[in-house]
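> what shape does this take:
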Amino acid sequence: MLALRSACGSAPSAACSAAEAASAPSANAASTAPARSGIDPDFHRGEGAHEQNQGDVTHAPNASVGPVDKPPYYAVAIFPGDVGTSGGMLCDEFSRVLNADHQPIPGLYATGNCTASVMGRTYPGAGASIGASFVFAYIAMKHAATSV
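Numbers count the residues shown, from 1 in each chain. From the prediction side, this is the model:
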């Protein structure tokens, strides 16, 4: 994020492309001081045991915080969406993955968030994708067992 702010100011606009941000030099030394020290006064990253073990354990003094000062930089557009509504592989009623002609691919089954949601582009609430995963995994297993 430091490179993005350096190139685009504190609030990037549409005119500031991801490519411009990715090729920008790093922010000034004052703005990277917290990252170099390993202390995150704003969000307290790396202070908990979980974060210390989930970060880059070879990076000191804080496995979760470090400066972004060595190019190359890469940028990816990210869009918000509800879990389980972003598409995925199409499956039939037996959880068999369908090819481009909507025909089952022999021996290939899928369930869960890697598949198109059985609820379309809606997400009724927490656990909805888990329930569908359990049901369609059971259906897939029963179908596979009878297809051998």
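> any stretches of the protein with poor pLDDT?
Along the chain, segments meeting pLDDT under 70 span 1-32, 82-86.
> so which helix or strand takes in the residue nearest the centre of it?
In the chain, the centroid-proximal residue (CA atoms, centre = their mean) is residue 78; its distance is 8.8 Å. Here residue 78 sits in a region with no helix or strand, counting by DSSP states H and E.
> three-state assignment of residue 137?
helix (DSSP: H, G, I helix; E, B strand; the rest coil).
> ok, it to residue 131 distance?
Separation of residue 137 from residue 131 (CB to CB, to the nearest Å): 11 Å. (C-beta placed from N, C-alpha, C; glycine too.)
> tell me the buried residues in the longest strand belonging to the chain?
Scanning the chain for the strand with the most residues, using DSSP state E, yields strand 104-109. Buried positions in strand 104-109, judged by neighbour count with 16 or more other CB atoms under 10 Å: 104, 109.
> in its sheet, what does that strand sit against?
strand 96-98 (antiparallel) (DSSP bridges).
> if we can go back for a sec, ok, residue 137 and residue 131, which is more surrounded?
Neighbours per residue (other CB atoms under 10 Å) separate residue 137 from residue 131, with residue 137 holding more: 15 against 11.
> not counting its neighbours along the chain, what's nearest that one?
Spatial nearest neighbour of residue 137, chain neighbours left out: residue 111 (4.7 Å); criterion: CB to CB, 6 or more residues apart in numbering.
> restrict the longest strand of the chain to CA atoms and write it as CSV.
Below are the C-alpha coordinates for strand 104-109, written out as CSV (Å, rounded to 0.1, in the frame of the first residue of the first chain):
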residue,chain,number,x,y,z
PRO,A,104,-20.4,-34.3,-17.1
ILE,A,105,-16.6,-34.8,-17.1
PRO,A,106,-16.2,-38.5,-16.2
GLY,A,107,-14.9,-39.0,-12.6
LEU,A,108,-14.7,-35.3,-11.7
TYR,A,109,-16.9,-34.1,-8.9
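> can you list the domain ranges for this structure.
1-78, 96-147 (automatic domain parsing).
> adding distance to residue 89, write those out as CSV.
Output for those, formatted as CSV (distance: least, CB to CB, whole Å):
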stretch, distance to residue 89
domain 1-78, 22
domain 96-147, 5
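> got the residue ranges for the helices in the chain?
Using DSSP state H, the helices of the chain run over 2-8, 18-22, 29-37, 49-54, 128-147.
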